[in-house]
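1. kindly generate the corresponding structure for this input.
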Amino acid sequence: MSEKQPVKQSKRPRRKFSDAFKIRAVKMVTEQGYKITEAARQLDINPNLLGRWKQQLSAPDQEVDYSGPQSLDRFQVTLSSF
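-> Residues are numbered from 1 along each chain as shown. All right, here's what the predicted structure looks like:
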């Protein structure tokens with residue numbers, strides 16, 4: 001009997017999403033009536049990620065670290081302009 005070798009899954013490189021993409025993704029849920037799982041599937045992102053973006057954008061008084069040059073204030077201004 002031959003032993004099966006474990007299948008190595010290639011790891012997808014880490015992706016970076018623009019502020020505009022995040023805002024459009026959140027608006028799919030908040031304004032267009034999509035469920036988080038539906039929107040995430042269409043956008044090819046993890047539902048947990050979309051849920052985190054939604055939570056961060058809906059709670060501007062909480063301190064949020066986006067680990068990048070974008071600030072929450074810029075995010076909120078952009079959100080209201082879409």
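2. list the buried residues in stretch 3-23.
-> Under the neighbour-count criterion of 16 or more other C-beta atoms under 10 Å, stretch 3-23 has Asp19, Lys22, Ile23 buried. Where C-beta positions appear, they are placed from N, C-alpha and C, glycine not excepted.
3. should've said stretch 48-60
-> Along stretch 48-60, these residues count as buried under the neighbour rule (16+ other C-beta under 10 Å): Leu49, Leu50, Trp53, Lys54, Gln56, Leu57.
4. residue contacts, the second one?
-> Leu50 makes contact with Ala25, Val26, Val29, Ile36, Ala39, Ala40, Leu43 under the criterion C-beta atoms under 8 Å, 6 or more residues apart in numbering.
5. quick revisit: okay if I get the buried residues of stretch 48-60 as CSV plus distance to Lys8, pLDDT and secondary structure?
-> Compiled in CSV, these are given as follows (distance: C-beta to C-beta, whole Å; pLDDT from 0 to 100; DSSP: H, G, I helix; E, B strand; the rest coil):
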residue, distance to Lys8, pLDDT, secondary structure
Leu49, 24, 97, helix
Leu50, 28, 97, helix
Trp53, 31, 96, helix
Lys54, 34, 95, helix
Gln56, 34, 92, helix
Leu57, 37, 90, helix
